[in-house]
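[1] Predicted model follows, preceded by the sequence.
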Amino acid sequence: MRILHTADLHLGRQFVGLALDEDHAAVLDQIIDVVGTQSVDVLVIAGDVFDRAAPSETAVRQFNRFLQRVTRETAAAVVMIAGNHDSGDRIGSMAVMPDISRALIRGPVEADERPLLVKDEHGLVAFSALPFSYEHAARACFGNTALETPEHVLSAQVAAARRNVPEGARWVITAHAFVAGGTSGETERPLAKVGGIETVSHEIFDGAAYVALGHLHRPQSVGLPHIRYSGSPLAFGFDEAGAQKSMVLVDLRADRADTTLIPFTPVRGVRVLKGRHAELLLADSSTDIVKAVLTDEAPVIDAMKRLREVFPNACALVYERDERQLKRAGTFTRPVAAAEPIDVVGGFLQLVRDEPMSDREREIVIARLQDLGQKEDAA
């Protein structure tokens, strides 16, 4: 069985004030092209379809046209979930498709999570779609007030899905989460309250043949090779300048999942250019989205205006000397994200004994941190 794994479209998003509608249209076209040319059986979209819970009409129409084309132009089934940027109800309303045998779309969390069953030459494949859910909604859904962390919520979802997987079926899970060990960037929104533990263990997915993840914008595997993030199809911050974005083509065989990264070709690249202002003006003109780091010691008159004559989509400009001064003063150009407590403990253990935290140690630390959180809530 052939699966195409994508995620984190963030339709409607802007890049420092620049609209990305045409950029998104191009990557949606490329997804449909791959679904057709690679004979994909199931298209997976692992959350954050839209950039906000109340997306613009333009973004909604763009995605509706995309789903219509998938249905009309290909034979692929669609598995899709809501991410933390989405409205679960809005994504759930898209579950009404012309052929329900070809779709599994989950917006709100469900206590009785039933899979989409697809058959190939090796037998049944069960697709479980586990949408992102905050703790309060999961408590109401599962009737369990002890769900206090993203790991608790996802564990409850996986357990509910596992009960409905037929005996002997290969199991594919789609989820939107921060799995421990993953590499994040500047543009992901935290999944837990301030000071809370947002990461989950890859061991939650025990028994799955492939796990299609969303949330982290960099393509990567976490924990095990078959647990993967496809990453976002576009770069949304300058920390991803020059990064190769891709979708994951998964060949699910009888005993393993083979993956191939298929690169996206963006309409506009994202670049950071460094040099003297006069030197940058001599570069070839480009529509790429650009941040300029000027090495000039003196301020340049109309620096951005003149730069945009060569790079019309330049949207950020800083002086290297200013950044040096900020570093010497011990400050940064943006707030530094607070480290997760579990990561602080893990880093300390790595430092003092030169080996990572074991799974058992991780369980003990998480339990103690949860005890502390409950005592703080009760105080």
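    Perfect, I can see it now. Being a predicted model, the structure only gives us computed values, none of them experimental.
[2] who's the nearest residue to Gly207 once chain neighbours are set aside bridged to?
    Spatial nearest neighbour of Gly207, excluding adjacent residues (CB to CB, 6 or more residues apart in numbering): Trp171 at 6.1 Å. The way it works is simple: take the backbone N, C-alpha and C, and place the C-beta from them, glycine included. Under the criterion DSSP bridges, Trp171 forms beta bridges with Ala126.
[3] got it, and the one 5 residues further on?
    As for beta bridges, His176 partners with Gly214 under DSSP bridges.
[4] My guess is it contacts Phe132. True?
    Yes - here His176 reaches Phe132: they are 4.1 Å apart, a contact under CB atoms under 8 Å.
[5] where do the contact lists of these two overlap?
    Gly47, Ile81, Ala82, Gly83, Asn84, His215 (CB atoms under 8 Å, 6 or more residues apart in numbering).
[6] okay, among the residues you listed, which ones form the most distant pair?
    Based on CB to CB, the longest span within the shared contacts of His176 and Phe132 runs between Ala82 and His215 and measures 11.7 Å.
[7] Now the common contact residues for the two.
    With CB under 8 Å, 6+ apart, Ala82 and His215 have common neighbours Gly47, Phe132, His176.
[8] Low-confidence regions, the stretch 201-350 of the chain specifically.
    326-340, 343, 346-347, 349-350 (pLDDT under 70).
[9] what's the residue nearest the centre of the chain in contact with, if anything?
    By CA atoms, centre = their mean, the mean C-alpha position of the chain lies nearest to His215, the distance being 2.5 Å. Applying CB under 8 Å, 6+ apart to His215 gives the contacts 7-8, 46-48, 83-84, 132, 176-178, 188, 191, 229.
[10] roughly how far apart are it and Gly207?
    Applying CB to CB, to the nearest Å, the value for His215 to Gly207 is 21 Å.
[11] one step back: can you list the shared contacts of His176 and Phe132 in TSV and add distance to Ser221 and secondary structure?
    Conversion of the shared contacts of His176 and Phe132 to TSV gives the following (distance: CB to CB, whole Å; DSSP: H, G, I helix; E, B strand; the rest coil):
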residue	distance to Ser221	secondary structure
Gly47	18	coil
Ile81	19	strand
Ala82	23	coil
Gly83	19	coil
Asn84	21	coil
His215	14	coil
